[in-house]
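Student: Next comes the sequence, and after it the predicted model I'd like to discuss.
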Amino acid sequence: MSRSRLSPVARGLLLLAALGLCACPKAKDPDDDFRRQLLASVANNVVLPTYSEFSSRTAALKTATAALATATVAAEAPTELAAAQAAWGAAMGTWQRAELLQLGPAGAPAVMTGGESRRDKIYSWPTVSPCRVDQELVAQGYLAPTFFETALVNVYGLDALEYLLFHTGPENQCPGTDPLNAGGSWAALTADQLRIRRAAYADAVAGQLQRDADALLAAWSPTGGNFAQKLATAGTQGSPFGTAQEALDQVFAAMFYVDLTVKDAKLAVPAGLNIACTGTTCPQSVESRWAHRSREQLVENLQGFRVLFTGADQKGFDDFLIRRNAPELSTQILQAADAAVVALEAIPGTLEVAVDANPAQVAAAYDAVKALTDLVKTQFVTVLNLRVPQEGAADND
């Protein structure tokens with residue numbers, strides 16, 4: 001019997017294959033194309049429309065604060081103040097949905113591909129300091145041409161603007177030992193000066209807010225940085241994401257806001273359900289102390305979660321679950337998100353008052369949000385093989 005002869009190269013390849021060392025191309029993941037479609041939906045149906053809306057809202061806010069600053073020079077301007085407050089509320093409502101989109105340029109560079117920390121320039125909560133805003137009010141630092149380039153994020157953005165527009169009393173938020181109080185510079189301000197400076201400072205902040213909103217939109221837009229395309233083409237040449245799964249993990253990390261911030265920081269701490277609160281309750285820890293819209297902002301966060309989960313009713317994570325033969329889980333998550341909204345809306349009055357006056361309703365809202373996040377942290381992660389973000393890995397509640 002004759003034996004077939006193999007070339008040395010062929011024999012080498014056979015040997016490598018037998019040892020499992022062959023550098024053969026990996027089989028294509030059949031879900032990668034779907035992942036990229038989902039990522040494109042997130043970019044084009046969720047992120048870009050949300051940032052476009054926010055850009056429009058900040059433009060309207062700047063118009064309102066400019067009118068307030070002009071009117072306040074002559075006299076008290078309650079109509080203009082109410083209009084500016086309403087414009088702030090509209091902008092904040094959009095941004096609370098955008099809080100679920102802290103990826104790419106909005107995210108931190110240490111954890112997000114393409115991160116530029118643009119979110120904190122727009123809204124830095126819980127890094128806030130009304131006392132620092134009062135100090136800048138006295139010093140009129142906001143008039144300096146380089147103020148927004150050198151100042152810390154706790155003296156501008158939506159959070160500082162809330163304080164400037166909604167705190168109209170004569171007192172400041174600094175301790176008595178602060179030079180502002182001990183030196184008498186605050187007491188030296190007349191009521192008219194205080195009102196005029198608050199309006200002028202608010203207008204300066206609103207102007208920077210509009211610029212930051214436009215810059216964030218441009219970073220995602222096809223005519224700008226086009227991060228939307230980079231996300232949508234994850235795992236292909238030209239994208240900063242090595243794989244589509246890596247990009248999907250980062251979208252999920254942004255979605256984790258509903259667990260770490262909505263549940264743990266915004267609800268549990270004020271209600272005394274988190275060790276960060278050292279008293280029975282901590283109403284002073286609510287998110288929106290001055291405009292008193294903490295409850296509304298929690299609802300807006302959950303609305304943002306729903307839009308992100310469904311891809312604005314286009315291609316979303318719900319469709320991926322169906323593709324992975326888990327349609328029941330998709331339904332459960334959507335029902336849990338809706339139930340959490342209902343529970344939050346059932347809280348009477350403001351959250352700051354309700355944590356003491358209606359603790360049962362606040363606890364029920366916390367439990368409803370937890371029911372949602374429990375699904376997201378367990379079954380959702382398992383079915384889609386997602387990576388839990390590092391800051392959430394130690395959260396066992």
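Tutor: Everything's here; your move. Numbering: from 1, shown residues only.
Student: what's near enough to touch the residue nearest to residue 46 when sequence neighbours are not counted?
Tutor: Residue nearest to residue 46 in three dimensions, not counting chain neighbours: residue 312, with 5.2 Å by Cβ to Cβ, 6 or more residues apart in numbering. Heads up, the C-betas are built off the backbone N, CA and C, glycines and all. By Cβ atoms under 8 Å, 6 or more residues apart in numbering, residue 312 lies in contact with 41, 45-46, 49.
Student: Next, format the residues you listed as JSON lines and append pLDDT.
Tutor: Rendered in JSON lines, the data for those read as follows (pLDDT from 0 to 100):
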{"residue": "41", "pLDDT": "98"}
{"residue": "45", "pLDDT": "98"}
{"residue": "46", "pLDDT": "98"}
{"residue": "49", "pLDDT": "98"}
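Student: Taking those, please make a PyMOL selection of just the buried ones.
Tutor: The PyMOL selection below is limited to those of the contacts of residue 312 classed as buried (16 or more other Cβ atoms under 10 Å):
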select buried, resi 41+45+46
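Student: So, low pLDDT: which residues of the stretch 251-397 of the chain?
Tutor: Confidence mapping of the stretch 251-397 of the chain against pLDDT under 70 gives the ranges 392-397.
Student: hey, where'd the helices end up in it?
Tutor: Across the stretch 251-397 of the chain, reading from the start of the chain, the helices by DSSP state H, counting those that start in this stretch fall at 257, 294-310, 317-323, 327-345, 351-357, 359-375, 381-384, 390-393.
Student: Identify all contacting residues around stretch 176-184.
Tutor: Residues beyond stretch 176-184 that count as contacts (Cβ under 8 Å, 6+ apart) turn out to be 131, 134-135, 138, 172, 174-175, 185-187.
Student: Kindly give a single ChimeraX line that selects the buried subset of those residues.
Tutor: To isolate in ChimeraX the members of these that are buried, counting by 16+ other Cβ under 10 Å, one can use:
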select :131,134,135,138,172,174,186
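Student: Widest-spaced pair of the contacts of stretch 176-184?
Tutor: 131 and 187 (15.6 Å; Cβ to Cβ).
Student: The residue nearest to residue 36 when sequence neighbours are not counted: how many residues sit nearby?
Tutor: Nearest-residue entry for residue 36: residue 244, 5.2 Å, with adjacent residues in sequence omitted and distances by Cβ to Cβ, 6+ apart. Residues near residue 244, counting by other Cβ atoms under 10 Å, number 25.
Student: Residue 151 too?
Tutor: Other residues lying near residue 151 total 17 when counted by other Cβ under 10 Å.
Student: for the closest residue to it other than its chain neighbours, phi and psi?
Tutor: The shortest distance from residue 151 to any residue that is not its chain neighbour, by Cβ to Cβ, 6+ apart, is 7.1 Å, and that residue is residue 141. When read as degrees, to the nearest 10, the backbone of residue 141 gives phi -60, psi -30.
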